[in-house]
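Asker: I need the structure of the sequence given here:
(2 chains)
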Amino acid sequence: MTVSNEIPPPKLLRLENVTLRLDQALVLDGVSLHVDEGEMVTLLGRNGMGKTSLVQAIMGIRRVQPSQDGQSQIWFAEQEITRLPTHVIAKLGIGLVPEQRQIFPNLTVRENLQVAARVVGAARPGRENAPSEAASLPIWDLARVEEIFPILRDRARQSAASLSGGEQQMLAIARALMTNPRLLILDEVCEGIAPIIRQQIWQCLTALRQMGMALLVIDKNIADLLDRADRHYILQKGQVVWQGNSQELRSHPEMLEWGVAGG
Amino acid sequence: MTIALFLAQILNSLQLGLMLFLLAAGLTLVFGIMNFVNLAHGTIYMMAAYGAALVVAMSDHYLLGLLAGVGVGAMLGVGLQYLVARRLYGKNPLYHVLASFGLILMGNELVRWVVGPTPLYVNIPPGFAGQITLMGVELPTWRGVIIAAGLTVALGCYGLIHHTKFGMRLRAAASNRIMLAALGVNVARLELAIFALGGGLAGLAAGLTMPLVSVLPGMGEPMLISALIVIVIGGIGSVRGAFLAALVVGMIEVMGRAWLIIGLQNLLDKHVARAVSPALSSLLLSLVMAVILAVRPGGLFAAKPGGAGHG
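Answerer: Numbers count the residues shown, from 1 in each chain, chains lettered A, B, ... in the order given. Sure thing, here's the model as predicted:
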């Protein structure tokens, strides 16, 4: 699906000159990118190019520093989030499916979902509504995520640590959905996953995309992403070296290599 | 050893174990969730005991003193988190040790300066000074009260941690606090609540044991050492582990000492046996800890770190 050029959709996530140093090493060097409402955008690059650091910078897990060209700025839903604490950023409507899944292994499958649940519906004074509700997206609750991933209902009382890698990945996605995000960031969700589970996950993400949820996908499996995503960014040594849509990426095979080689 | 004496020692072990649990529960959560090495937990226990004893002395109401102990403990926990601990998160654990050790010295000197070096004594509340018969064994009523209160609080802690959303978040934070924050949970507020809970429980332990011990500077350190052993055996971050380990440590400390005296009296002079048995009992405790750690390096119920699963 391509985005209309006549009426540009509002920018949901916007990064301007994002710069990050870790132990004097320049990990992100003036990265600028954006994700529009309802768009699926990918972030491609070899290992160690700064993709996960960029996700951590967006979530406020790592604090960005001023770049040579000015301030590093991160905006979400027209609000600057550069200096906000992680939990506030998440509450604004950014859901994270992190690298390595990072489920809570000492909680049951059901508890992993409940711990992330955000209050929805029944607007009352002083009661916080889900970000997805404000954006007219479907409301995600336990019944709905278990409908999408029935295996999580079957294993509800099991320890999350006892799930297979693929099941844990489904749990990590479902857990992020329980926060009712407007933007879902997925960091290497198909890493080390069996092909059949990978297909299920891609189908789920396509369905989310069709519901109008914005997605920022970090992955090395470019073949799957070319058919599904709207736009792509390629990150090399902490800089965006290329950006464009799937058609343009197909016509630049050398960029395909930058996106996936060595991954 | 007669059966009656054996049962009496079991009950004494239970009482000591439950008191250790009250101290260790907060300590293990602070260690497990914030990775903060809090040596000042024993100082909170001591200052709560002073707070409780002073209120009892002024009001002549034990219950008021107990509540004051819990309040002082909780407030000191919050103060410790806000003023010291949160500035040291993620830093070298040596800083945690130095800062909290400094607080131990400051706490001891402060009570010496404000209250004086003379120990304070609190009487057992009227009506609880006699004996009760439990399982056919005569037991001081107050020790029975401590056992009942300890079991109730342990049960309450279990309910709080395993059947409430707050507890669910505590367990999640023990596994991966950054991920929990990325799901929209205010982990800083959760940490404050954990310090308050830990301090409050230490205050409760202080208030309950106050009629049995002398309230004096430095009274927290021996309890801290035992509580540290408890959380290491139980698994850092696990309240369930702390409960079981506290009972084991209580059992070894009380039973070990009693059996060693009896055993050594057959081999050594009676006075020598009495002198060395406490040291041997502590040695036995360290030996048990070493064996448990050799078999399960993370302790009996180590909180699992977040991360990739199998397959």
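
Asker: From here on, just use CA atoms for contacts and neighbour counts.
Answerer: Will do.

Asker: does any part of the host helix or strand of B:Pro222 sit near chain A?
Answerer: Here B:Pro222 sits within helix B:220-234, counting by DSSP states H and E. No. Contact of helix B:220-234 with chain A is not found when judged by Cα under 8 Å from any Cα of the partner chain; the minimum separation is 15.0 Å.

Asker: Report the buried residues of that helix.
Answerer: Neighbour-count burial for helix B:220-234 flags B:220-221, B:223-224, B:226-234 (criterion: 16 or more other Cα atoms under 10 Å in any protein chain shown).

Asker: count of neighbours near residue 60?
Answerer: Chain wasn't specified; assuming chain A. As a burial measure, A:Gly60 scores 23 neighbours (other Cα atoms under 10 Å in any protein chain shown).

Asker: Chain B was what I was after
Answerer: 15.

Asker: still on that earlier bit, between the buried residues of helix B:220-234, which is closest to chain A?
Answerer: When the buried residues of helix B:220-234 are ranked by distance to chain A (Cα to the nearest Cα), B:Gly234 comes first, at 15.0 Å.

Asker: thought the closest one was touching B:Leu293?
Answerer: No. Checked against Cα atoms under 8 Å, the pair B:Gly234 and B:Leu293 is beyond contact range at 9.9 Å.

Asker: Quickly list what's touching both of those two.
Answerer: Residues touching both B:Gly234 and B:Leu293 (Cα atoms under 8 Å, 6 or more residues apart in numbering or on different chains): B:Gly299.

Asker: just so I have it, where are all the helices in the stretch 51-200 of chain B?
Answerer: B:62-80, B:86-88, B:93-114, B:141-163, B:165-182, B:187-209 (DSSP state H, counting those that start in this stretch).

Asker: Equivalent analysis for chain A, please.
Answerer: Ranges of helices in chain A, per DSSP state H, are A:51-58, A:86-93, A:109-114, A:131-134, A:142-148, A:150-154, A:165-177, A:195-211, A:222-228, A:246-250, A:253-260.

Asker: from these, which stretch is densest packed?
Answerer: helix A:165-177 (a mean of 26; mean count of other Cα atoms under 10 Å in any protein chain shown).

Asker: and it, average pLDDT?
Answerer: The pLDDT scores in helix A:165-177 average 94.

Asker: now check it, is it near chain B?
Answerer: Yes. Counting by Cα under 8 Å from any Cα, chain B is contacted by helix A:165-177 at A:Gly165, A:Gly166, A:Gln168, A:Ala176.

Asker: ok, back up a step: of the buried residues of helix B:220-234, closest to A:Cys204?
Answerer: B:Gly234 (41.2 Å; Cα to Cα).

Asker: Name the nearest residue to B:Val72, sequence neighbours excluded.
Answerer: For B:Val72, ignoring the flanking residues on the chain, the nearest one in space by Cα to Cα, 6 or more residues apart in numbering or on different chains is B:Ala48 at 5.3 Å.

Asker: What residues does the one you found make contact with?
Answerer: B:Ala68, B:Gly69, B:Val70, B:Gly71, B:Val72, B:Gly73, B:Ala202, B:Gly203, B:Ala206, B:Gly207.

Asker: Export those as TSV, with columns for distance to B:Ile3, pLDDT and neighbour count.
Answerer: Listed next are the contacts of B:Ala48 as TSV, based on distance: Cα to Cα, whole Å; pLDDT from 0 to 100; neighbours: other Cα atoms under 10 Å in any protein chain shown:
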residue	distance to B:Ile3	pLDDT	neighbour count
B:Ala68	39	97	25
B:Gly69	37	97	35
B:Val70	37	97	28
B:Gly71	41	97	21
B:Val72	41	98	26
B:Gly73	39	97	34
B:Ala202	33	95	37
B:Gly203	35	96	35
B:Ala206	31	96	33
B:Gly207	31	96	29
